[in-house]
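Undergrad: Just a sequence and a predicted model for now, questions to come.
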Amino acid sequence: MFNKVLIANRGEIAVRVIRACREMGVKSVAVYSEVDRTSLHVLLADEAYPIGPAPASESYLVAEKIIDVAKRSGAEAIHPGYGFLSENAHFARAVRGADLTWIGPPPDAIATMGSKTEARSIMMKAGVPVVPGTPEGIRDLDEATRYAEEIGYPVLIKAAMGGGGKGMRVVHEPSELKESLDSARRESESAFSSPIVFLEKYLEKPRHIEFQVFADNHGNIIHLGERECSIQRRHQKVVEEAPSPLMTPELREEMGRSAVEAARACGYQNAGTVEFLVDQNRNHYFLEMNTRLQVEHPVTEMVTGLDLVRLQLLIASGEKLPYSQEDIKLNGHAIEMRIYSEDSMENFLPSTGKIRYLKPPDGFGIREDAGIREGDSISIFYDPMISKLVAWGQDREIAIRRMRRALMEYRITGVRTTIPFGIFVMENAAFREGNFDTSFVQEEFDVERLVERSKEREMMVALAAAWHHKQGQSISSNNHSESTTQPGINGMQSGWRKIGRKANLR
Amino acid sequence: MQNKHKYTVNVNETEYVIQFLDSPGEVLVNGERVRFDLQLETPPDHYSLLADNKSYLLAIDGNDSPGNYRIHMMGYDYEAEVVSAREAYLRDFVRAAGVGKSEGVVKAPMPGKIVKLHVNEGDDVAKNKGIMVMEAMKMENEIRSPIAGKVSRFHVQSGDTVEKGQILFEISSK
């Protein structure tokens, strides 16, 4: 095992890795940008080194600086977390080139899977089912039009180098193709420095189910079951759970086999996630492979009882997988809710500002992985995720009730969050029945219904507001203007919006 | 009844009339008597409310303008506008004087870059019509018209980088 590991990340995932290191007796090295000097990962690590200004492009994304710190600090390995450089094959190669261990898959596997078009062709060869689409990037509108006709509308435009929903557009009819293509290209260029996009058949109401795989350096590959990630907004996951309510032992075995095959086909090592779309007839299609630890890995940890970061470190240090497929048993049900600083009531508009007060819930079956503390600011420089709240229960119903309870107890002020949305999901009939797909947010979520749900306590809110007002603004609530959620997406005074909302209530 | 302890509170678009009574711990909510005990639980603005012995925990999370409060209560977000009887009187007076015509400015909800304008100055637009595309946090966001009206003036053009709160365009209703 390593003596010292550098964590090339920040926020909750850096904290997560640092914790595993400490539990394993491994020293941890944090890196931080100028605005992160007092961030949680710096406070918890054994050592910490500055790596430059706030913009990630000048700090967390600068490979040379990070490798330099690793050498100076005497770290033997680098854990990239997720995001930033985690799926950058060049960086992985540079790490290995500097005689450091890369805690992740071989650089070639990252490169292969990083190109969605290449990944598709390898999967097709390996006999893993894929969604019908263009074999490679599309050159121009003419070609796009031709392919779209061939595949049949609706089609999905995707960035070849993409992820996280960026550079992605659904096109329902030919007239929308040009505008969507242009805009997907612009977004892809800006997010991934590559304007290459490709087309795929857009599956109506698919479920998004992914399998956690682990491969050691000795040819052993296992899967740790699936995660259901169908609840997404802007193609980004917000609620994840394990196991999937759709799953049967037979389907799990079938998809698990596909996942292991996918990993084998690209010479995979360490932790990876194979994402599938599952259509209404329970056919599964390979979507992509994420060559890193996933944000939502805790739900797998809660139902398998395994520490995935610990497993990553074991495998990277050359040990054999300590478990075979038969050893993996799923126990109970876990749900993760991502708490983003986004306004549930305003179409998930990002909300920046200072966390004035933070008291996460606790109690039996509740886990919170947070990378921020009270007093920290949610800045525009980094991801707006505040924390991941995870509820475990011996069955799905209990996990849902526990999550709802925890969300009600969650106390945070200074920014608007996805907590009200989370409560909506936990109370939603389709979700509770396990009968939902990736269109959940568009089809089920309605701010008016959220307002309706919150009605029973409205009278008490009125009473408290009047009292607070009566006490005079002397008690100061005028000073919190750092919090910057706008009254509406269009920034109009709320009166404008009120008119709209009232009309809708009728 | 004396009006000085009477407030009209609009919470998420529903109006409540709150009248604090002379006897401490008693209030009329929409005319109904409620016994209440409101304690500052974590200063300056986290309260514990016991109303007829029912327990509520809430936080007043700043205000956008005087009398407008953002409130969290047990997982839900609320917007409350409090107007005292006296303020209501003044407001009616101002309205009668014809101030407050329906037009407004639309500001950038977050820092970002203007990628594209969909309409021209002087165009009539429907409510919710996409006016421009703004890129922020590497995502493209549509900035829509909050009302039906005429885009009277653009303050930005395509390619501009904008700060949060910067005026994007002006719109007037017909």
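TA: Great, that's in hand.

Undergrad: any idea whether A:Arg16 is helix, strand or coil?
TA: Following DSSP: H, G, I helix; E, B strand; the rest coil, A:Arg16 is assigned to helix.

Undergrad: how near is it to A:Ser73?
TA: A:Arg16 sits 20 Å away from A:Ser73, going by Cβ to Cβ, to the nearest Å. All C-beta spots, glycine's among them, are computed from the backbone N, C-alpha and C.

Undergrad: Which helix or strand contains A:Gln212?
TA: Following DSSP states H and E, one finds A:Gln212 within strand A:207-215.

Undergrad: For A:Leu389, which three-state class applies?
TA: Taking three-state DSSP, the label given to A:Leu389 is strand.

Undergrad: do the same with A:Pro420
TA: Assigned with three-state DSSP, A:Pro420 falls in the helix class.

Undergrad: That one: neighbour count?
TA: 23 (other Cβ atoms under 10 Å in any protein chain shown).

Undergrad: And what about the residue located most distally from the centre of chain B, helix, strand or coil?
TA: Computed with Cα atoms, centre = their mean, the residue of chain B farthest from its C-alpha average is B:Ser23, at 32.2 Å. With three-state DSSP as the basis, B:Ser23 sits in coil.

Undergrad: so where's chain B uncertain?
TA: Counting by pLDDT under 70, chain B contains low-confidence ranges at B:1-4, B:64, B:90-103, B:137-138, B:174.

Undergrad: that older thread, of A:Arg16 and A:Ser73, who's got more company?
TA: Neighbour comparison, A:Arg16 and A:Ser73: the larger count goes to A:Arg16, with 27 against 19 (by other Cβ under 10 Å).

Undergrad: quick one: that one from A:Asp369, how far?
TA: 6 Å.

Undergrad: again, but for B:Ser158
TA: With distances taken as Cβ to Cβ, B:Ser158 is found 40 Å from A:Asp369.

Undergrad: neighbour-wise, which of those two wins?
TA: Applying other Cβ under 10 Å to B:Ser158 and A:Asp369 shows that A:Asp369 carries more neighbours, namely 20 against 12.

Undergrad: I'd guess the more buried one is in a helix, am I close?
TA: No: counting by three-state DSSP, A:Asp369 is not part of a helix but strand.

Undergrad: could you pull out the helices for the stretch 51-200 of chain A?
TA: When secondary structure is read from DSSP state H, counting those that start in this stretch, the stretch 51-200 of chain A shows helices at A:63-73, A:89-97, A:107-114, A:116-126, A:141-151, A:177-192.

Undergrad: Which stretch among the ones you listed is buried most, on average?
TA: By mean neighbour count, with neighbours taken as mean count of other Cβ atoms under 10 Å in any protein chain shown, helix A:107-114 ranks first of the helices of the stretch 51-200 of chain A at a mean of 21.

Undergrad: what's the angle from that helix to helix A:116-126?
TA: Angle, helix A:107-114 to helix A:116-126, by axes from the mean of the first three to the mean of the last three Cα atoms, to 10 degrees: 100 degrees.

Undergrad: Show me what helix A:107-114 is in contact with.
TA: Residues from elsewhere that reach helix A:107-114, judged by Cβ atoms under 8 Å, 6 or more residues apart in numbering or on different chains: A:87-90, A:92-93, A:96, A:104, A:118-119, A:122, A:161, A:266-269, A:288-291.

Undergrad: again, only using 7 Å
TA: By Cβ atoms under 7 Å, 6 or more residues apart in numbering or on different chains, the residues outside helix A:107-114 that reach it are A:87, A:89, A:92-93, A:96, A:118-119, A:122, A:161, A:266-268, A:288-289, A:291.

Undergrad: which residues touch the most centrally placed residue in chain A?
TA: In chain A, the centroid-proximal residue (Cα atoms, centre = their mean) is A:Val295; its distance is 4.5 Å. With contact taken as Cβ under 7 Å, 6+ apart, A:Val295 is in contact with A:82, A:388.

Undergrad: One more pass at 6 Å, please.
TA: Applying Cβ atoms under 6 Å, 6 or more residues apart in numbering or on different chains to A:Val295 gives the contacts A:Tyr82.

Undergrad: distance of it from chain B?
TA: Look at A:Val295 and chain B: by Cβ to the nearest Cβ, to the nearest Å, they are 16 Å apart.

Undergrad: and the two most separated of the contacts of helix A:107-114?
TA: Largest separation among the contacts of helix A:107-114 by Cβ to Cβ: A:Arg96 and A:Glu288, giving 23.8 Å.

Undergrad: got the domain boundaries for the chain?
TA: Here I'm looking at chain A. For chain A, automatic domain parsing gives the domain ranges A:4-103, A:132-201, A:207-451.

Undergrad: I was after chain B.
TA: Chain B is divided into the following domains under automatic domain parsing: B:3-96, B:103-172.

Undergrad: Reformat these as CSV; add distance to A:Leu308.
TA: Formatted as CSV, these follow (distance: least, Cβ to Cβ, whole Å):
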stretch, distance to A:Leu308
domain B:3-96, 29
domain B:103-172, 27
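
Undergrad: give me the element A:Asn435 is part of.
TA: Going by DSSP H and E, A:Asn435 is not part of any helix or strand.

Undergrad: Between helix A:107-114 and the strand holding A:Gln212, find me the angle.
TA: Going by the same axes, to 10 degrees, strand A:207-215 makes 170 degrees with helix A:107-114.

Undergrad: Tell me which other helices or strands strand A:207-215 touches.
TA: Using 3 or more Cβ pairs under 6 Å, 6 or more residues apart in numbering or on different chains; DSSP states H and E, the elements in contact with strand A:207-215 are strand A:221-233, helix A:249-265, strand A:270-278.

Undergrad: for the ones you listed, which one sits closest to chain B?
TA: Chain B sits nearest to strand A:221-233 of all these, at 11.1 Å, using Cβ to the nearest Cβ.

Undergrad: I'd like to know which elements the closest one is packed against.
TA: Strand A:221-233 packs on strand A:207-215, strand A:236-242, helix A:249-265, helix A:297-304, going by 3+ Cβ pairs under 6 Å, 6+ apart.

Undergrad: Reformat these as TSV; add mean neighbour count.
TA: Converted to TSV, the helices and strands packed on strand A:221-233 look like this (neighbours: other Cβ atoms under 10 Å in any protein chain shown):
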stretch	mean neighbour count
strand A:207-215	24
strand A:236-242	25
helix A:249-265	18
helix A:297-304	25
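
Undergrad: can I get these in CSV with distance to A:Ala126 and mean pLDDT?
TA: As requested, the helices and strands packed on strand A:221-233 are exported to CSV (distance: least, Cβ to Cβ, whole Å; pLDDT from 0 to 100):
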stretch, distance to A:Ala126, mean pLDDT
strand A:207-215, 14, 97
strand A:236-242, 25, 96
helix A:249-265, 4, 97
helix A:297-304, 24, 98
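
Undergrad: Is there proximity between stretch A:406-423 and chain B?
TA: Yes: using Cβ under 6 Å from any Cβ of the partner chain, stretch A:406-423 comes into contact with chain B via A:407-408, A:413, A:419-420, A:423.
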